[in-house]
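Asker: the sequence isn't on hand, but the structure is:
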């Protein structure tokens, strides 16, 4: 089964973008959040990703 990039439904602070990226690459979501803090255009990138990445399916 191929892993798809989706927003996280369990590891979310604001919209689940960083948690979804971390789950996709198999790394810590804290590290992804640190990268978003360091990047110069972080807010613009986050807003674009929050609107384009689909939500993960609801879990039971």
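Answerer: Received it, and whenever you're ready, just let me know what you need. Because the structure is predicted, anything quoted here is derived from the model rather than measured.

Asker: ok, for the spatially most central residue of the chain, nearest residue in space, not its chain neighbours?
Answerer: When Cα atoms, centre = their mean is applied to the chain, the residue found nearest the centroid is residue 17 (2.3 Å). Sequence neighbours aside, residue 49 is the residue nearest to residue 17 in space, at 4.8 Å (criterion: Cβ to Cβ, 6 or more residues apart in numbering). No exception for glycine: its C-beta is placed from N, CA and C like everyone else's.

Asker: can you get me a residue count around that neighbour?
Answerer: Look at residue 49: counted by other Cβ atoms under 10 Å, it has 17 neighbours.

Asker: and the pLDDT for the residue nearest to the centre of the chain?
Answerer: What the model reports for residue 17 is a pLDDT of 90.

Asker: isn't it up against residue 7?
Answerer: Yes - with contact defined as Cβ atoms under 8 Å, residue 17 reaches residue 7; the gap is 6.0 Å.

Asker: what's the overlap in contacts for the two?
Answerer: Here residue 17 and residue 7 have 50, 53 as joint contacts, going by Cβ atoms under 8 Å, 6 or more residues apart in numbering.

Asker: helices along this structure, start to end?
Answerer: 17-25, 29-38, 42-52 (DSSP state H).

Asker: among those, show me which one is buried the most.
Answerer: helix 17-25 (a mean of 21; mean count of other Cβ atoms under 10 Å).

Asker: same for it, what does it pack against?
Answerer: If contacts are counted by 3 or more Cβ pairs under 8 Å, 6 or more residues apart in numbering; DSSP states H and E, helix 17-25 sits against helix 29-38, helix 42-52.

Asker: noted, bye for now.
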